[in-house]
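**Student:** here is a sequence with its predicted model. Questions after.
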Amino acid sequence: MPEALVDQVYERAGGVPLFVEEFTKMVQESGVPDNEWASSASGQTLLGREIPATLQDLMMARLDRMEGERELAQLAATLGREFTHELLAAVAGLDEATLEGELAKLVQAEILYAKGRPPRCSYIFKHALLEDALYNALVKGKRQQFHRRIAEVLEEQFPQTAETRPELLAHHFSEAGLAEKGVGYWLKAGLRSRDRSAEVEAIGHLNRGLMLLETLDASPARDVLELDLLRPLGSAYMASRGYGAPGVGPVFARACELSERVGQPVQVFASMYGNWAFHFVRGDLWRSTDLASEALEFARQHGDPEIIMEALKMRGQTMLYRADFARAHDHVAMAVDQYDDPERTKYWEAYTSQDPAVANRCHLAVCLWHLGFPDQALRIIVEMLRLARAIGHPFSLAYALHHASWLNLGCRLGAEVTATAEEQIVISSEQGFSLWQASGMFFKGAGLLQQGRLQEALPLVLNGLHAFQATGAELMLTYQFSALGEAYTKAGRFDDARQALDDGLALAEKNDECCYEVELHRLLGELHLAEKDDQAAAEQCFRTAIQTARRQQSKAWELRATMSLARLWLRQGRRDEARDALTAVYATYTEGFTTPDLIDVRALLETLS
């Protein structure tokens with residue numbers, strides 16, 4: 001090409017290689033001799049016509065010169081970047097010979113590339129910008145007509161595609177202006193993505209449905225559609241962003257409002273559950289207690305045993321974090337005993353994000369550990385993990401691993417904590433579960449801390465805590481502050497340790513999250529000893545921890561706090577007091593004698609004897 005023309009291509013193309021290629025093809029196809037180009041006012045015109053200024057104009061000019069069926073090319077662009085010969089034939093309505101001839105022209109012009117041989121082949125646009133240029137040249141009416149034709153053909157003649165790719169029909173019905181049909185398929189696409197644990201994808205589909213829903217007039221039918229979209233959207237938000245993420249609350253608040261008007265009992269309860277879960281994980285246990293009571297009252301009014309069991313679980317979980325361990329145990333034990341059908345738990349998994357059979361066992365195990373039955377608790381955790389792996393639901397497995405790490409950490413099984421936490425991190429990273437990824441990081445650090453690997457542990461505990469807070473969650477932060485305080489104490493960073501423990505106690509008071517209050521007081525006593533050997537202050541902290549543990553009926557915390565006090569008394573020569581206190585709490589145990597805490601107690605008792 002003449003230099004003057006190359007200069008013009010350079011200016012017009014703006015650095016886009018595709019524009020350079022397409023313009024050059026236009027020059028080649030024009031048949032204009034080089035000398036005419038050179039004499040045409042620096043290449044500004046082609047046989048009296050302006051050189052196209054945009055890729056879209058360029059594509060239209062090329063199609064005009066091809067003497068082909070422009071409408072077919074634009075119909076192909078409406079189908080998308082890649083499409084099958086079979087689908088285009090069904091939509092175009094041309095005889096096979098004509099269709100193949102027109103497609104051959106587009107292939108020859110390198111607008112389309114063919115994969116295979118007609119009619120068992122597919123086509124792909126050479127570049128997405130070519131597809132866009134053809135599609136954007138359509139007027140609105142024609143564009144909607146094309147989309148409607150494609151959507152109806154897919155629905156009527158390609159049922160398999162409609163089943164496996166509902167988002168494709170949703171797109172075409174939406175662009176055709178058929179909003180109600182579009183919303184229905186966006187909902188179907190969102191539910192299908194949720195079934196595959198593709199939570200981010202599901203959020204995109206469901207939000208597209210909600211945006212389209214805004215074009216519909218207000219009506220009960222529209223409210224039902226919105227409620228159908230909000231329920232899985234809230235669950236997907238909880239899975240991907242965390243239960244306490246800012247976007248979760250408004251979704252379930254709106255769902256509660258709608259379900260009161262048009263919802264069925266299951267939908268009403270699911271909205272109540274989502275609203276409870278949002279407040280619960282954000283640490284508002286006062287509000288969560290009221291919401292759980294309302295849900296249980298609703299469940300009993302309707303008499304549905306499955307809803308009752310879910311409501312009992314809500315009550316039990318809330319009681320657990322408020323350190324009402326005995327009543328929490330009774331609620332979740334009832335749920336495990338009476339509500340364990342795999343088909344029904346899978347049904348509720350869609351409403352609560354995690355499998356209820358897994359969740360109930362998680363909390364039952366923690367309650368049993370507090371009540372002095374560590375062996376039973378560990379057996380249930382093994383059973384729970386086996387179940388979580390068998391059902392093949394990634395979020396439920398991440399949930400299970402989180403609680404397995406929690407129990408193992410309570411039992412001081414540091415290596416097991418690290419193992420479950422690392423698996424939790426891998427699954428959460430792959431699936432985009434931000435809350436579980438954060439808690440996995442914390443638990444990995446806490447497990448390393450129990451193994452004496454302080455330098456590795458401290459940054460993981462700290463980063464995990466910050467990542468956990470970033471999801472909007474406050475529940476369990478008291479536990480994380482206790483681990484951070486312990487790590488800082490062992491590192492000799494006493495001011496940081498005191499700040500962490502004080503933050504934990506303040507949070508426990510603010511949210512009524514009392515289940516780690518005992519450990520925070522005990523660790524504050526250990527800090528007094530490590531920093532200044534202030535034995536009087538330490539003893540007061542240990543006594544407060546023991547009294548609190550007894551009030552909460554937590555044998556596990558009472559045992560550990562009594563160990564700290566007995567060690568202090570041993571240093572002070574108060575052997576009889578130490579032996580009597582330890583013997584009393586040790587005697588309440590009937591199992592768990594191979595767990596680290598009980599092994600240590602027995603060893604100390606032998607020393608004291």
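**Tutor:** Done, it's in. Numbers count the residues shown, from 1 in each chain.
**Student:** mind checking which helix or strand of this structure has the lowest mean pLDDT?
**Tutor:** strand 45-46 (a mean of 49; mean pLDDT, DSSP states H and E).
**Student:** neighbours of residue 604, how many?
**Tutor:** Other residues lying near residue 604 total 18 when counted by other CB atoms under 10 Å. All C-beta spots, glycine's among them, are computed from the backbone N, C-alpha and C.
**Student:** nope, residue 360 is what I was after
**Tutor:** Here the number of neighbours of residue 360 (other CB under 10 Å) works out to 28.
**Student:** test my guess that it contacts residue 332.
**Tutor:** Yes - Residue 360 lies in contact with residue 332 (CB atoms under 8 Å); the separation is 5.2 Å.
**Student:** now residue 135. Nearest residue, chain neighbours left out?
**Tutor:** Counting by CB to CB, 6 or more residues apart in numbering, residue 77 is the residue found nearest to residue 135 once chain neighbours are left out, at 4.2 Å.
**Student:** residue 411 now?
**Tutor:** Nearest to residue 411 is residue 595, by CB to CB, 6+ apart, at 5.3 Å.
**Student:** do you know how far that neighbour is from residue 385?
**Tutor:** Distance from residue 595 to residue 385, counting by CB to CB, to the nearest Å: 18 Å.
**Student:** try residue 493
**Tutor:** Distance, residue 493 to residue 385, using CB to CB: 35 Å.
**Student:** compare those two (neighbour count), which wins?
**Tutor:** For residue 493 and residue 385, the more surrounded residue by other CB under 10 Å is residue 385, and the numbers stand at 20 against 15.
**Student:** which strands or helices does the helix or strand where the more buried one lies pack on?
**Tutor:** Per DSSP states H and E: residue 385 is located in helix 374-391. Applying 3 or more CB pairs under 8 Å, 6 or more residues apart in numbering; DSSP states H and E, one finds that helix 374-391 contacts helix 356-370, helix 394-410.
**Student:** chain center to the very next helix or strand once past the longest one, what's the gap?
**Tutor:** This points to helix 394-410. Per DSSP H and E, the first helix or strand lying C-terminal to helix 394-410 is helix 414-431. Relative to the centre of its chain, helix 414-431 is centred 16 Å away, using CA atoms, centre = their mean, to the nearest Å.
**Student:** who's in contact with helix 414-431?
**Tutor:** Helix 414-431 is contacted by residues 197, 199, 239, 385, 394-395, 397-398, 401-402, 404-405, 408-409, 433-434, 436-437, 439-444, 446-451 when judged by CB atoms under 8 Å, 6 or more residues apart in numbering.
**Student:** poorly predicted segments of the stretch 251-400 of the chain, please.
**Tutor:** Within the stretch 251-400 of the chain, the segments meeting pLDDT under 70 span 339-340.
**Student:** kindly apply the preceding question to the chain instead.
**Tutor:** Flagging of the chain using pLDDT under 70 yields the residue ranges 12-14, 29-53, 62, 64-69, 339-340.
**Student:** tell me where it has strands.
**Tutor:** Remark: strands assigned in the chain by DSSP state E are 45-46, 49-50, 82-84, 112-117, 120-125.
**Student:** can you redo these as CSV with mean neighbour count?
**Tutor:** Formatted as CSV, the strands of the chain follow (neighbours: other CB atoms under 10 Å):
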stretch, mean neighbour count
strand 45-46, 15
strand 49-50, 10
strand 82-84, 17
strand 112-117, 14
strand 120-125, 17
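**Student:** which stretch among these comes nearest residue 276?
**Tutor:** Closest approach to residue 276 among those (CB to CB): strand 82-84, 44.9 Å.
**Student:** can you tell me the centre-most residue of this structure?
**Tutor:** With distances taken as CA atoms, centre = their mean, the chain has residue 240 as the residue nearest its mean C-alpha position (1.5 Å).
**Student:** identify the residue nearest that one in space, chain neighbours excluded?
**Tutor:** Nearest non-adjacent residue to residue 240 (CB to CB, 6+ apart): residue 199, at 4.0 Å.
**Student:** do residue 284 as well
**Tutor:** residue 511 (6.5 Å).
**Student:** for residue 405, same thing?
**Tutor:** That would be residue 443: by CB to CB, 6+ apart, it lies 3.8 Å from residue 405.
**Student:** next one: residue 396
**Tutor:** Closest to residue 396 by CB to CB, 6+ apart is residue 355, at 4.2 Å.
**Student:** go ahead and confirm the residue nearest to residue 405 touches residue 465.
**Tutor:** No - if you go by CB under 8 Å, residue 443 and residue 465 don't touch, sitting 11.1 Å apart.
**Student:** who has more neighbours, the two?
**Tutor:** residue 443 (31 against 23).
**Student:** return the residues in contact with residue 55.
**Tutor:** 16, 18-19, 22, 129-130, 133.
**Student:** list the contacts of the residue lying closest to it once chain neighbours are set aside.
**Tutor:** Nearest-residue entry for residue 55: residue 133, 4.9 Å, with adjacent residues in sequence omitted and distances by CB to CB, 6+ apart. By CB under 8 Å, 6+ apart, the contact list for residue 133 reads 54-56, 58-60.
**Student:** any chance of these in CSV with distance to residue 283 as columns?
**Tutor:** Formatted as CSV, those follow (distance: CB to CB, whole Å):
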residue, distance to residue 283
54, 55
55, 54
56, 54
58, 59
59, 57
60, 60
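**Student:** what is the neighbour count of the nearest residue to residue 413 once chain neighbours are set aside?
**Tutor:** The shortest distance from residue 413 to any non-neighbouring residue, by CB to CB, 6+ apart, is to residue 596 (7.3 Å). By the criterion of other CB under 10 Å, residue 596 has 14 neighbours.
**Student:** could you measure from the nearest residue to residue 512 once chain neighbours are set aside over to residue 71?
**Tutor:** Distances taken as CB to CB, 6+ apart place residue 285 nearest to residue 512, at 4.7 Å, with adjacent residues excluded. Going from residue 285 to residue 71 by CB to CB gives 64 Å.
**Student:** neighbour count winner among those two?
**Tutor:** Higher neighbour count among residue 285 and residue 71: residue 285, with 24 against 14, using other CB under 10 Å.
**Student:** for the residue nearest to residue 135, give me its contacts.
**Tutor:** Per CB under 8 Å, 6+ apart, neighbours of residue 77: 125, 130-132, 134-135.
**Student:** contacts for stretch 249-258?
**Tutor:** Under CB under 8 Å, 6+ apart, the answer for stretch 249-258 is 223, 226-227, 230-231, 233-234, 237, 267-268, 270-272, 274-275, 277-279.
**Student:** among the contacts of residue 133, which one lies nearest to residue 558?
**Tutor:** Among the contacts of residue 133, and counting by CB to CB, the member closest to residue 558 is residue 55, at 75.1 Å.
**Student:** do you know how far the closest one is from residue 9?
**Tutor:** For residue 55 relative to residue 9 (CB to CB), the value is 13 Å.
**Student:** again with residue 333
**Tutor:** Taken as CB to CB, the span from residue 333 to residue 9 is 77 Å.
**Student:** what do you get for residue 176?
**Tutor:** Counting by CB to CB, the gap from residue 176 to residue 9 is 38 Å.
**Student:** comparing those two, which residue is more hemmed in?
**Tutor:** Applying other CB under 10 Å to residue 176 and residue 9 shows that residue 176 carries more neighbours, namely 20 against 16.
**Student:** buried residues in the lengthiest helix in the chain?
**Tutor:** Ranked by number of residues, the top helix in the chain under DSSP state H is helix 220-241. Buried residues in helix 220-241, defined by neighbour count with 16 or more other CB atoms under 10 Å: 222-241.
**Student:** got the end-to-end distance for stretch 108-128?
**Tutor:** 18 Å (CA to CA, to the nearest Å).
**Student:** list the contacts of it.
**Tutor:** Stretch 108-128 is contacted from outside by 18, 25, 29, 59, 62, 66, 73, 76-77, 81-86, 88-89, 96, 100, 103, 106-107, 130-131, using CB under 8 Å, 6+ apart.
**Student:** export the longest helix of the chain as PDB, just CAs?
**Tutor:** Output in PDB follows, covering the C-alpha atoms of helix 220-241 (Å, rounded to 0.1, in the frame of the first residue of the first chain):
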ATOM      1  CA  PRO A 220     -48.900 -10.100  43.200                       C
ATOM      2  CA  ALA A 221     -47.400 -12.200  40.400                       C
ATOM      3  CA  ARG A 222     -44.500  -9.800  40.200                       C
ATOM      4  CA  ASP A 223     -44.000 -10.000  44.000                       C
ATOM      5  CA  VAL A 224     -43.900 -13.800  43.800                       C
ATOM      6  CA  LEU A 225     -41.200 -13.600  41.100                       C
ATOM      7  CA  GLU A 226     -39.100 -11.100  43.100                       C
ATOM      8  CA  LEU A 227     -39.400 -13.300  46.200                       C
ATOM      9  CA  ASP A 228     -38.300 -16.300  44.100                       C
ATOM     10  CA  LEU A 229     -35.200 -14.400  43.000                       C
ATOM     11  CA  LEU A 230     -34.300 -12.900  46.400                       C
ATOM     12  CA  ARG A 231     -34.200 -16.200  48.400                       C
ATOM     13  CA  PRO A 232     -31.400 -17.900  46.300                       C
ATOM     14  CA  LEU A 233     -29.700 -14.500  45.900                       C
ATOM     15  CA  GLY A 234     -29.400 -14.000  49.700                       C
ATOM     16  CA  SER A 235     -28.100 -17.600  50.100                       C
ATOM     17  CA  ALA A 236     -25.500 -17.000  47.300                       C
ATOM     18  CA  TYR A 237     -24.400 -13.700  48.900                       C
ATOM     19  CA  MET A 238     -24.000 -15.600  52.300                       C
ATOM     20  CA  ALA A 239     -21.900 -18.300  50.600                       C
ATOM     21  CA  SER A 240     -19.600 -16.100  48.600                       C
ATOM     22  CA  ARG A 241     -19.300 -12.900  50.700                       C
END
